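In: Fold the following, please.
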Amino acid sequence: MTTRQQLVDSLRLLCEREGGLVQVAATTGFNPQTLWQITHGTRLPSGEARGVGARLQKALDRHYAGWHLLSQPLAASAAARVVEKDDEEFVAIQTVRLRANAGIEGFAIEIIDEPGLPIFFRSDWMQSRGYKPDSLYAIKVRGSSMEKTLYAGDVIVINTADREEKDDEVFVINCSGEVVVKRLMHRGGAWIMHSDNEDQNRYPPVPCDENCFIIGHVIYRQSDRI
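Out: Okay, the predicted model is just below:
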């Protein structure tokens, strides 16, 4: 592995740790699209893959000490599992990883097969709220940007059939190709993505503009924290 690739991998892992490339971009003053292009292997006109330039390295060093040491082998993707349950009183909500592309509305899923998954809801509870099983997905929270509402490792369920903006509600959003969990707030005639973490210098508000697409509304949280 070259030093260039190590830096790219470290940047990708940093974005995952901090809750998304949007947050890293806001902290460093770089365009989220630039970070997306670097971490997703887009190439320059010369055919060479984009790397972490000197100016970006300097900004990352200033805000995230030791970020370049984060590079490590990535875990292999888990195989999909079909959940079978005879009791019709319950509906299984499979836990997945979401993948999104910049500038494109929609998403792809990868099934996660781990102990304790999936999540089960009572059928009558689902029906009373108008939820449809094929519109619900569970995902794991990454990063600390939504503390003390959501912590890394928490599992949330999103309703992908509900993508209409709501003030002061939490949504999963495709922002420039990065899947983020944020609270939408309507301020000054515009929508912004707000982090619940009290450290607003580290997690400043970010405009929810034409580069952002709502994936779904968060309707449920499962956490080990009280």
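In: mind listing the helices in the chain by residue range?
Out: Along the chain, the stretches classed as helices by DSSP state H are 3-17, 21-28, 32-39, 54-63, 123-128.
In: how about those, which one is nearest residue 149?
Out: Comparing the helices of the chain by their distance to residue 149 (Cβ to Cβ), the top pick is helix 21-28, with 15.3 Å. (Glycine included, C-beta is placed from N, CA and C.)
In: tell me the angle of the closest one relative to helix 32-39?
Out: Comparing the axes of helix 21-28 and helix 32-39 via axes from the mean of the first three to the mean of the last three Cα atoms, to 10 degrees yields an angle of 110 degrees.
In: what's the closest of the helices of the chain to residue 105?
Out: Closest to residue 105 of the helices of the chain is helix 32-39 (Cβ to Cβ; 15.7 Å).
In: Give me the helices and strands touching the closest one, please.
Out: Judged by 3 or more Cβ pairs under 8 Å, 6 or more residues apart in numbering; DSSP states H and E, the packing partners of helix 32-39 are helix 3-17, helix 21-28.
In: what's the most buried one of the helices of the chain?
Out: Across the helices of the chain, averaging neighbours per residue (mean count of other Cβ atoms under 10 Å) puts helix 21-28 on top, at a mean of 23.
In: okay, the angle between that helix and helix 3-17?
Out: Using the same axes, to 10 degrees: helix 21-28 against helix 3-17 is 100 degrees.
In: residues making contact with helix 21-28?
Out: With contact meaning Cβ atoms under 8 Å, 6 or more residues apart in numbering, helix 21-28 is reached by 11, 14-15, 18, 30-32, 34-36, 39, 56, 59-60, 63-64, 143, 145, 175-178, 180, 193, 195, 202-204, 206.
In: Okay then, goodbye and thanks.
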